[in-house]
Every structure is written in C-alpha cells, then in structure tokens.
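[1] heads up, no residue letters with this:
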Ligand SMILES: Cc1ncc(C[n+]2csc(CCOP(=O)(O)OP(=O)(O)O)c2C)c(N)n1
Ligand SMILES: [Mg+2]
C-alpha cells in the first residue's frame, strides 16, 4: 500500500529547540496608556522551571495575564472550552466566563470588539483561530487598531489589544491552515508583530505583548505547539520587544529568521559547521519595529546575510531586511544577500515538502554565499 | 436642498429622536413626502433643521423632553403615516420597542413525525416511488461513504476527514429538489449534494488521496471537492466567503435569463460572519435568484448556537433583510425536499432570494481533528444519532409504503461497501500529481518568477533527492 505522506518532509526537522542564552532581560510592564503598572519583573536562573511545550507556555502566560490584571480578557472562537489548540485550557473555569469566553464566529467582530475593550483601558487578548482566517479582521487591524492613537492626536489608543494567531506550516494544512501572513502586517505603521521560536520565548514575549502599550499581532508557530518542549520558568517574566537575539555566534555568515523556521536554520548552521563554515543565527523575535542594529552589527562582522521564512519570497519580510541591510552595510557585503523562502504559490497540500525552505536549500545558499 | 417637514409635534419628535447622519442624509435627498391631511407642510432648509435639532436637544436629553411634550400630543397622530422609502410608516405616540425574537419562534415545517409517520397526506403525489427509493439509497450511500473514509483517516491513509453524519437528509433531499443547472456554492459538509449529482465514489476517493486524478491537483486538504461539470464550485475553508459570491453567480443567471438559481450552503456558525450579512443584503437589493441554505446543526466546533446568536435562528435574519424565509426540519427528508423545491420555484419565477434554515444536528465530531465529547453531552449526541436519525425515520416511511425491505437494504450496503473499498484501493495506486502542477494555475499563464523557482527546485531535487517524497514526476 502506498502510504500518503503525513508529516514533515525529511528535509527539515523541527525537533530541536533553543535555550535562550543568559538570564532574562529587565522589562517594565506598562498599562495600555503607557503608565507603569507593574514593578520590573526579572527572572533569574534560580527561579523554578518546568519542562513544558509551547501551547502550555502560552496557557501559562494567559493565566498570569488574567491573574495579574483584573481588567484583562481572553476571547475568540472556541476559546471557552480551551481553544482548538488547547491554549486557553482551564482559563474559563479559573477566571469565569465573563473574562474568558467564546465569541460568535466573526473575526472582524473579535478584533473590533477587542479595540473597543482596549480603548476603555482594558487588556484585550483576542484569539484568531488560524492566521489564515485573520483577513476578515484586516480592516479592523490596519485601518482601526493601527491608527487609533495617531488619528486622535493620542487622545485615544487601543494599546491594550493583543491578537494571537497560530501561523505556519504543519505538514498537512494545505492552503488555509498553513499561511504565514506576517508581511502584510509589517506594512502597517502602528502595530507590532511578534513571533516566538520556543516555549520559553513564547511565554515571555506574549506577556510583554499583552502589557505593551501598543496593539500587537502575536503569531504562534503551531507546528511547535506540542513538538517544542523546553525548560520554562514558572513565574511571571517578560522578554523585551524589538530586541533581536543572537542565538548562535559565528563569523562567516549571518542568518536571520523567526518562529518555527529557526529550528530548520539551526540545523543548516550545524551542517555548515561540519564543512568549516561558521554561521551566526539571529532570531528577530519582533518583526516591527525591528532591531536593525543587532542585524547590522552581525552583518558588519560576517559580511554576508541570509534570510529565511516560510511565506512566499516575493514581498516577504526578508525583502525589507535585505533592503535595509544593503543601505547600511553596502560596502561591507561580500556577496549578494540570500533569501531562502516559500515559493510564490498558494500553500500547496501535497507539494508542501517542495514548497518549504528546507535545511538543504538553506545549506546550499549558505555555501553559495560564502563561496561567492 | 430642501425638505418637506411637518410642523406638528409628532414630526418634530421624529426629527429630534432620529438625529445623526442617517437622517441628515435623508434631508438632503428630499425623497420623502408628507401623506397625512393633518400635515401643514412648509419648506425648511437643512440649516433650519440644525437649528431645530439643537433647540430641542439630542440624545437622552431629547427623551426627557418627549415626556414633557407627550401630554400635549393629540390622538390624531395615530392615524398619520409617512411615505418613506420601503413603504408607509405609521406613527405612534406609544413608546414601544419591538420584541426580541425569542418569544414567538418561527415554526418548523415538517411532513414526517419522529417515527417517520406521515403527518400530511398529500406527499405521495409529491414524490414517486422511484424518487423515494433513490433518496433513501443515496442517504445510505452517503452515510457509508462517511463511515469508511473516516475510518481510512483513522488508519492514516488520508490526512483529514469530516462527515455529514446526521445531516444526510439535508444533503440528499436538497440536492434532489434542485436542477443540475443550479450552481452550488458549498461550505464543506454538503458532499451529499455532489453524490446526488453523480460524483463517483472514485472521484471522492481521488480528492481525498490527492492523487493525479484529483481535479484539485492535490493542492487542497481532503473534503475540498469541486466539479465544474456538476456545477459545484470548489470548497474553500474560510467560512462564509461563498455567500456573497453566490449572489454574483445568481445575478449572472438572472441577466442571462437562465432557468436556474444559485444555491449556497453554510452552517449556523458561518452566519455570524460579515460575509453572511453582506450576501443577504446584496441579494435582497439586487433581486438575485439565490437560495441561502443554512444547516443549523447546533454547533460550530465547540461553540453552541447559544454562544453564536440570540436571534430566532437564521430564518429571522433572512426576514429582516427582506428575504422570504422558512424553517424546516432538517431531519425530515420530505420536508427538506418540499421546501427546497418551493424555494427554487420562488427564486426563479420571482427573481429574488429565498432563505431556508434547516434544523439538524452535527452527530459526528467537527472533523477528525476534534473530540466533541470534550464539550457536549454524550446523551445529546446519542439522542440525535438514534431517536432523531433522519435515515431510520425515513426508512420507516419508505418501508411503510412497501417500497423497501431488509433484503434490498443488505444488498445495497454490501454493494456500496465493496465499491468504496475498491475506490480507496484504486485511489491509493494512482500516481501523485505532476510536480509541474505546483506552479501552474497560480495565474492563467506562468510568470517568470515561477519559471525561475521551478528550475531552481529541479536543481535542488537533483542534489538532494532524499529530501523529497518519491513518486512526484517532474
Ligand atoms: C473565517 C474562518 N474562521 C474560522 C474558521 C475555523 N472553523 C472551521 S469550521 C468552524 C466552525 C463552523 O461551524 P458551522 O458554520 O456551524 O458549520 P458546521 O461545522 O457546524 O457544519 C470554524 C470556526 C474558518 N474555517 N474560517
Ligand atoms: Mg454548525
């Protein structure tokens, strides 16, 4: 019997995970209007940790957000029973159905409602069931959330709004359960876009997004919900937004990515090392406003840059990074900037292994760039 | 820019309590007139209107004002009405809000009772023995198809599946009442319509296995069927998007004076999407021959209808948009058939939309990714699965007419099972889609970026054949 391939292509494994280096940054929690709410919460390696997966880390963050601010709310389609990815498990029981609830099936309604709730000084944590289904809310995000502050001369803002949505490939999702729509949102001044790569990152970054005084779109790598397991501090901690992280140091080439793709890139780096190529790997973490300085410093050191993401290459966020780095490091570049991304097609079910920016596609591009 | 406005207190009351842009818009258009003989019309400018409204106050202040004014109101205002776009609007001095819709629920049309006994007598004229038996055997086929494909998913042979369990009557009877020229815009739980139209078990299996014979070229997840030949527009996962599209399809049929309508299916959950509301309103205004068929099966994944809406279901919404609407027992084959037949006739003869809300129950899990016992009572599922089962209820009726017996039943089931097993085996052996089809159909013609990406992929495959699943011919 010919078994249909279900699951990952052999070209990329998503089973390795990162441990962030060092302790956690010092971050201040602010209310949606920008005033300081919570004392600085710093996590030291001494705080107790537990090995958990990514959806549990999200669940912990939501738990802490609801616990630490009585004016916070979690809502979305099927959120009441725990969400289709189990991220809101137990929250309705613990915090009540007035704070954690199902909405009618209407993304534009969910985000519009969230904007209003946030405008009244609450923390509105909205879930869109799949990033592929965020488009009905595009108008609310682009024309409303992103401009609420600017158009009112800062009389009003919806900074308490955080929109969570699972994104990315999962092996069998086809057109509408696989998309990586981050670039659409990176074209919108007024919102932030954040994507975590691991459980520990997810918890700390999500808490920062929820407490950030700006509306944020937080894309969660759904392939890693169960697959990624990592030691995660049990307490309340935040990781800084708009700060990239060098997760692997190297001298020959800089690789930039985010979310689930980093695991694939890490493997390519490890393989390149066997061939004597030293790669520096950067997790951008926040896509807008992004940390150009960290990337610039790295590219000035290595003289080469490769960017990789699952979204189609044309108009993807790699294009923006590439253009910015050419502006900043033109004379230091020793080779053209490489992009290893998804193809310019809709996300295709049976062709997924061919569509994906696999480890070997990255490795080939690393070698081509270094040997240019 | 002038408007006819009564000077009576009633008229001023109206102006006062309806401030805001909508009303100003009307003032600017001068398209309503006074119809009452009590009316002493005079022309005022919009500027004057502003003076009036600020003089009288707006919002909550206005309502306090209205109480003070009420004492002086005269009864004659009860007889007055305004000729307003959409029909004459009577005045009243009583402050009364409309009821919410929960008190008098729209009744549910049915022909068979819970046991399959005929409540209405005229049905035998409506339905021939031949049609009755075909309806029954198609429902059984649909049920078996769901059972066996669902099992194939469990065995890991296909990646995903979703059944129409409990909704077989809706699927089959609605399809039977339509003509094959009617264009279907489905949600995803209506594959019985395709089955009725002649999509073969092999064609189903080919889509589920995403092989080279799949019309969708393996690009979409299982259950995303489509057939140009059978006027069934390919399923798309984003919910409710097909609803306004159906209005465009219907408008085309209207302009071409075709003896056909558009039919779009959707769930109770989808009716919450903006596209549902957009579609209904457009259809009503553009007088498009479209049937909106809502399968109200009580659940949208884990969300019960009580978390979805507080209207009297979907039928009430159709009416609110100016669309003739009916509620029907979705587990009564004859009632669904009858309602859709009537709806089709209305839609085409009168060139207007019609809405059908079929009450039913999603007996299966939402899909193979779901376990519905996490959020709903097993007894509830069991009740709908057994006592309210649309197939056994209908079988009682067909048997009581002497049109069906146990022997035919086992013969049918045996034969369908064999055909399904065969379809799966064949589908598994058909080759994978052509790799070239990764790049085709993005556009009508292939742009250079895709040609370049195809070349680059071919090179990567030569270099790293182990990275890619086998069986994909370049
Ligand atoms: C725009 C959009 N939002 C969310 C989803 C995820 N989703 C898939 S099916 C479903 C529930 C649909 O319920 P209903 O319309 O009642 O149809 P049923 O499954 O009951 O037949 C949801 C929320 C989607 N497919 N599209
Ligand atoms: Mg439903």
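    The structure has been received and is ready for your questions. No experiment lies behind these values; they were computed from the predicted model shown. Ligands and ions are numbered 1, 2, ... in the order given.

[2] residue A:60 reaches residue A:52, doesn't it?
    Yes - Residue A:60 sits in contact with residue A:52 when judged by C-beta atoms under 8 Å, with a separation of 7.3 Å. Heads up, the C-betas are built off the backbone N, CA and C, glycines and all.

[3] okay, and the common contacts of those two?
    When contacts are counted by C-beta atoms under 8 Å, 6 or more residues apart in numbering or on different chains, residue A:60 and residue A:52 are jointly contacted by residue A:232.

[4] please point out which parts of stretch A:269-286 sit buried.
    By neighbour count, and taking 16 or more other C-beta atoms under 10 Å in any protein chain shown as the criterion, the buried residues in stretch A:269-286 are A:269, A:271-272, A:277, A:279-286.

[5] state the mean pLDDT of it.
    Confidence for stretch A:269-286, expressed as mean pLDDT, is 98.

[6] and if you look at stretch A:226-239?
    Stretch A:226-239 shows a mean pLDDT of 98 in the predicted model.

[7] could the buried residues of stretch A:269-286 go into TSV alongside secondary structure?
    Supplementary listing: the buried residues of stretch A:269-286 in TSV, determined by DSSP: H, G, I helix; E, B strand; the rest coil:
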residue	secondary structure
A:269	helix
A:271	helix
A:272	helix
A:277	coil
A:279	strand
A:280	strand
A:281	strand
A:282	strand
A:283	strand
A:284	coil
A:285	coil
A:286	strand
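
[8] so who does residue A:116 touch?
    For residue A:116, the contact set (C-beta under 8 Å, 6+ apart) comprises residue A:158.

[9] what does the stretch 101-250 of chain B have sitting close to chain A?
    Taking C-beta under 8 Å from any C-beta of the partner chain as the criterion, the neighbours of chain A within the stretch 101-250 of chain B are B:156-160, B:209-210, B:218-221, B:224, B:236-239.

[10] now, those residues that are in helices?
    Among those, DSSP state H puts residue B:209 in helices.

[11] specify which member of the residues of the stretch 101-250 of chain B next to chain A is nearest to residue B:85.
    residue B:239 (32.8 Å; C-beta to C-beta).

[12] residues near residue B:136, how many?
    Burial measure for residue B:136: 24 neighbouring residues, criterion other C-beta atoms under 10 Å in any protein chain shown.

[13] identify each buried residue in whatever helix or strand it lives in, please.
    When secondary structure is defined using DSSP states H and E, the element that contains residue B:136 is helix B:129-154. Buried residues in helix B:129-154, defined by neighbour count with 16+ other C-beta under 10 Å: B:132-133, B:135-146, B:148-150, B:152-153.

[14] so where's chain B uncertain?
    Within chain B, the stretches with pLDDT under 70 are B:1-78, B:101-102, B:121-125.

[15] closest residue of it to ligand 2?
    For chain B, the nearest residue to ligand 2 under the criterion C-beta to the ion is residue B:267, separated by 3.6 Å.

[16] and that residue, what does it touch?
    Going by C-beta under 8 Å, 6+ apart, residue B:267 touches B:187, B:189, B:239, B:294-297, B:300.

[17] also residue B:293?
    Residue B:293 sits in contact with B:170, B:174, B:263-266, B:340, B:355-356, B:358, where contact means C-beta under 8 Å, 6+ apart.

[18] what's the span of stretch A:284-295 from first residue to last?
    Taking C-alpha to C-alpha, to the nearest Å, the span from the opening residue of stretch A:284-295 to its closing residue is 8 Å.

[19] for stretch B:256-269, same thing?
    33 Å.

[20] any residue of that stretch touching ligand 1?
    Yes - using C-beta under 6 Å from any ligand atom, stretch B:256-269 reaches ligand 1 at B:267-269.

[21] could you dump those residues to a markdown table with distance to residue B:193 and secondary structure?
    Output for those, formatted as a markdown table (distance: C-beta to C-beta, whole Å; DSSP: H, G, I helix; E, B strand; the rest coil):
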| residue | distance to residue B:193 | secondary structure |
| --- | --- | --- |
| B:267 | 15 | strand |
| B:268 | 18 | coil |
| B:269 | 19 | coil |
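
[22] just the pLDDT at residue A:40, thanks.
    For residue A:40, the model assigns a pLDDT of 33.

[23] cool, the one 4 residues further on as well?
    Each residue has a pLDDT score; the one for residue A:44 is 48.

[24] please apply the same query to residue A:26.
    You'll see residue A:26 listed with a pLDDT of 34.

[25] cool, the one 10 residues further on as well?
    According to the predicted model, the pLDDT of residue A:36 comes to 37.

[26] helix/strand/coil for residue B:310?
    Under the three-state scheme (three-state DSSP), residue B:310 adopts coil.

[27] from memory it sits against residue B:100, does it?
    Yes - A contact is recorded between residue B:310 and residue B:100 when judged using C-beta under 8 Å, the distance being 7.0 Å.

[28] which bits of the stretch 151-300 of chain A sit near chain B?
    Residues of the stretch 151-300 of chain A lying close to chain B by C-beta under 8 Å from any C-beta are A:172-177.

[29] save those residues as a markdown table, and put in distance to ligand 1 too.
    Conversion of these to a markdown table gives the following (distance: C-beta to the nearest ligand atom, whole Å):
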| residue | distance to ligand 1 |
| --- | --- |
| A:172 | 15 |
| A:173 | 12 |
| A:174 | 12 |
| A:175 | 11 |
| A:176 | 7 |
| A:177 | 9 |
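
[30] turn those into CSV, columns for secondary structure, neighbour count and pLDDT.
    Converted to CSV, these look like this (DSSP: H, G, I helix; E, B strand; the rest coil; neighbours: other C-beta atoms under 10 Å in any protein chain shown; pLDDT from 0 to 100):
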residue, secondary structure, neighbour count, pLDDT
A:172, coil, 21, 96
A:173, coil, 22, 97
A:174, helix, 25, 98
A:175, helix, 20, 98
A:176, helix, 18, 98
A:177, coil, 23, 98
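
[31] residues contacting the strand or helix carrying residue B:195, please?
    Assigning secondary structure by DSSP H and E places residue B:195 in helix B:191-197. Judged by C-beta under 8 Å, 6+ apart, the contacts made with helix B:191-197 from elsewhere in the structure are B:138-139, B:141-142, B:145, B:164, B:167-168, B:170-172, B:174-176, B:180, B:184, B:186, B:199, B:204, B:223, B:225, B:227, B:230-232, B:265.

[32] same deal with stretch B:244-255?
    Residues outside stretch B:244-255 that contact it (C-beta under 8 Å, 6+ apart): B:183, B:185, B:233, B:260-264, B:275, B:278-279, B:282-283, B:286-290, B:292, B:347, B:351, B:353.

[33] care to break chain B down by domain?
    B:2-75, B:108-429, B:435-467 (automatic domain parsing).

[34] and the second one, how far apart are its ends?
    Right, domain B:108-429. Using C-alpha to C-alpha, the gap from the first to the last residue of domain B:108-429 comes to 47 Å.

[35] equivalent analysis for the shortest one, please.
    End-to-end distance for domain B:435-467, by C-alpha to C-alpha: 15 Å.
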